[in-house]
Every structure is written in C-alpha cells, then in structure tokens.
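> can't give you the sequence, but here's the structure:
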C-alpha cells in the first residue's frame, strides 16, 4: 500500500497520514470579540488548531465563538473535521474568542 498520504512503517505496514498545507496556514488574533478565519482551501476536510493563548473556538458556516464554545487551552493542539464546500453546503469557517484576558493567536493549518 502506498500513495501520497500513506506512510510505510519499518515493518512495511502502510498507515494513512495527513499532510499539512502550510502555504494556507492562517493566524487569527485572540480578542474580546469573536473573529473568523478566511475561507479554507477548496476540499479541506480536516484542520489542526493551536493557540498561543487560551481561547474558545466555534465551527460552522458563519460561526460566532463565545465562552460556551469549545475550549482550547494555550499551546494545545487539536485536529478537527470541517465541512468542505460542495453543491449542498457552504464551507465551514472557524471563529475564535479569547478566554478571559488571554492574548495570542489561533493558528489554523489545513490537513490533506
């Protein structure tokens, strides 16, 4: 088994892996109001999130993050699924708001 997203282990076992699309990384500043990322690349179904400060994130077609949205601690890394644009659904965006008085940025990396 081989291909662009398959990595071979020392025992020649194939495991699927996602590749970062660093050319389309986004950085959204944490603030007191919810802020959205710009459109994700066409076909993007998975993203990696990492924030330099504690924050809350929301995912959806037109999301607004608030204190009840998913909590992301500072320096944590999570991988989440997003809906790609298609004929029946607009693409998801990611919104972020700081937790308390935290500062920093949310880094969004598309994975393919």
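Yep, that arrived. Note that the structure is predicted; figures quoted are calculated from it, not measured.

> bridged to residue 46, which residues?
Beta-bridge partners for residue 46, by DSSP bridges, are residue 81, residue 111.

> who's in contact with it?
18, 79-82, 110-112 (C-beta atoms under 8 Å, 6 or more residues apart in numbering). Where C-beta positions appear, they are placed from N, C-alpha and C, glycine not excepted.

> do that again at 10 Å, thanks
Contact analysis of residue 46 by C-beta atoms under 10 Å, 6 or more residues apart in numbering lists 18, 40, 79-82, 84, 109-112.

> what does residue 56 give?
Applying C-beta under 10 Å, 6+ apart, we find residue 56 in contact with 30, 34, 65-72, 95-99.

> try residue 30
51-56, 65, 74, 96-99, 101-106.

> try it again at 8 Å.
Counting by C-beta under 8 Å, 6+ apart, residue 30 has contacts 51-53, 55, 96-98, 102-106.

> grab the nearest non-local neighbour of it.
residue 98 (3.9 Å; C-beta to C-beta, 6 or more residues apart in numbering).

> quick one: the one you found and residue 82, what's the gap?
21 Å (C-beta to C-beta, to the nearest Å).

> what about the two, which has more around it?
Comparing residue 98 with residue 82 by neighbour count (other C-beta atoms under 10 Å), the higher total belongs to residue 98, at 23 against 18.

> isn't that one up against residue 57?
No: counting by C-beta atoms under 8 Å, residue 98 stays clear of residue 57, with 10.9 Å between them.

> residue 23 belongs to a helix?
Yes: applying DSSP: H, G, I helix; E, B strand; the rest coil, one finds residue 23 inside a helix.
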